[in-house]
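K.L.:
3D, please:
(one chain, ligands or ions: 1)
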Amino acid sequence: MNLRFTTAGESHGPGLVAVVEGLPAGLELDREALDRDMARRQLGHGRGGRMKIESDAVEIRSGLRHGRTLGSPVAVLVANRDYPNWDVRMNPWPVEGSDGVEESHLPRPGHADLAGLHKYGFTDVRNVLERASARETAARVAAGSLAKGFLAALGVSVHSHVTRIASVTAPERDDLGPEDFAEVDESPVRCLDEGASGAMVAEIDRLRKENESLGGKFEVRAFGLSPGLGSYVSWDRKLDGRLAQAICSIHSVKGVSLGEAWEVAGRPGSEAHDEIFHSEDRGWYRETNRAGGLEGGMTNGEPLVVQAAIKPISTMTQPLRSVDTETKEPAQAMRERTDSTVVPAAGVVAEAMVALVLADAYREKFGGDHIDDVLAAVAAYEERIGWRR
Ligand code: EPS
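P.N.:
Next up, the predicted model:
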């Protein structure tokens, strides 16, 4: 791996940390863009009370000097503002009088709770849920925003929008360009279609009143990519596989598709692929993008299109049936403060994951220790293959 990152942190612990290693030196980062991405992840109709407490701010602890990368690991810290309310229950060290902290023994169906208890030998579900919580995605968005800064220097942008919430589906759009996403965050559900946005908000309100949680679908698109990122030569270098893994690692994601995957499965080959053209002024081009910008595990220079399905949140205000792990008696799953839906936020998290995978692929293909080395290598390659931007 050429650009790697890791996160640490519990949902109600002192804070979240991400370490990103592999950004080239000399890259200018935009503080406002980082703050904006953190705020964008907190958006969306259907979030719960926690988002009123948190206002995620990123503190950079290393790797950056006067706004430019040093080539060393960048460490970021996102404090949990809710922690003071949890400092007895979640303190890293023993707290006097904390012996009485009540354990939870009521695992939620759909959550990591039960398998996590079994696997790590805990009796308190909180020891599992704190790290399994989607709060961790705040650290991913911080890391992904740094990767986006690197991609922006290469002329690449990454965007997302919500295409479905519960039973409401937005009309399909295959003609989207980067400019179409300029106002997507104005929609309370981050959906590009105004009519569908309204219907999604109504659906969230309706199902929330019925004590339901909601899933949905989102799409990520990346523009300005060089062809040939990733490789066909080995299974673990294929970019489609790397993207699918990255997206599936996001909490609650149960399905990923690349381009028109499910539609193409039912079509004849003549309507499944993207025919190849070349002209003096355009260079290489395609008239369709059914492959979603990926062929043979590599980018082909067309926009990258990734879609994902996410299940409804597993914390229910009307809990599902479960078993008390101490008594083994039937019981209702635990109730926690929760969101009704996180599909709008999941799109922002997926942008971060896609950006991290693409940044890694650029580092792999073009090397370079300073951003100018990377830019020169990309320009020389695109010149060699006659690629027109
Ligand atoms: C989450 C439960 C809720 C969410 C949380 C993820 O937190 P709490 O239990 O504190 O209300 O708000 O998401 C975030 C805090 C976040 O920043 O996205 C869960 O169980 O996964």
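K.L.:
follow the chain on from the helix or strand that Gly241 is a member of and name the next helix or strand.
P.N.:
Using DSSP states H and E, the element containing Gly241 is helix 239-248. Later in the chain than helix 239-248, the nearest helix or strand by DSSP H and E is strand 253-258.
K.L.:
tally of neighbours for Glu326?
P.N.:
11 (other Cβ atoms under 10 Å). For the C-beta atoms, the positions are set from N, CA and C on the backbone; glycine is no exception.
K.L.:
just give the nearest non-adjacent residue to it, would you?
P.N.:
His105 (4.7 Å; Cβ to Cβ, 6 or more residues apart in numbering).
K.L.:
okay, buried residues for the lowest-mean-pLDDT helix or strand in the chain please.
P.N.:
When the helices and strands of the chain are scored by mean pLDDT, DSSP states H and E, helix 50-53 comes last with a mean of 90. Neighbour counts using 16 or more other Cβ atoms under 10 Å place Arg50 of helix 50-53 among the buried residues.
K.L.:
how much space between Val256 and the ligand?
P.N.:
20 Å (Cβ to the nearest ligand atom, to the nearest Å).
K.L.:
I'd guessed that residue sits against Ala308; true?
P.N.:
Yes: in this structure Val256 lies within contact range of Ala308 using Cβ atoms under 8 Å: 5.0 Å.
K.L.:
mind listing the shared neighbours of those two?
P.N.:
Counting by Cβ atoms under 8 Å, 6 or more residues apart in numbering, the common neighbours of Val256 and Ala308 are 247-248.
K.L.:
what's the mean pLDDT across the helix holding Gly241?
P.N.:
Summarised as a single mean, pLDDT over helix 239-248 is 98.
K.L.:
report the angle between it and strand 253-258.
P.N.:
150 degrees (axes from the mean of the first three to the mean of the last three Cα atoms, to 10 degrees).
K.L.:
can you report phi and psi for Pro171?
P.N.:
Note on Pro171: its backbone torsions stand at phi -60, psi 140 [degrees, to the nearest 10].
K.L.:
so between Val256 and Ala308, which is more surrounded?
P.N.:
For Val256 versus Ala308, neighbours defined as other Cβ under 10 Å are more numerous around Ala308 (26 against 19).
K.L.:
pretty sure that one is in a helix, no?
P.N.:
No: with DSSP: H, G, I helix; E, B strand; the rest coil as the criterion, Ala308 is strand rather than part of a helix.
K.L.:
and for Cys248, nearest residue in space, chain neighbours not counted?
P.N.:
Val256 (5.7 Å).
K.L.:
whoops, I mixed them up, Arg108
P.N.:
Ala333 (4.2 Å).
K.L.:
per-residue confidence for Ser98?
P.N.:
In this prediction, Ser98 has a pLDDT value of 69.
K.L.:
so who does Thr338 touch?
P.N.:
48, 213, 313, 315-317.
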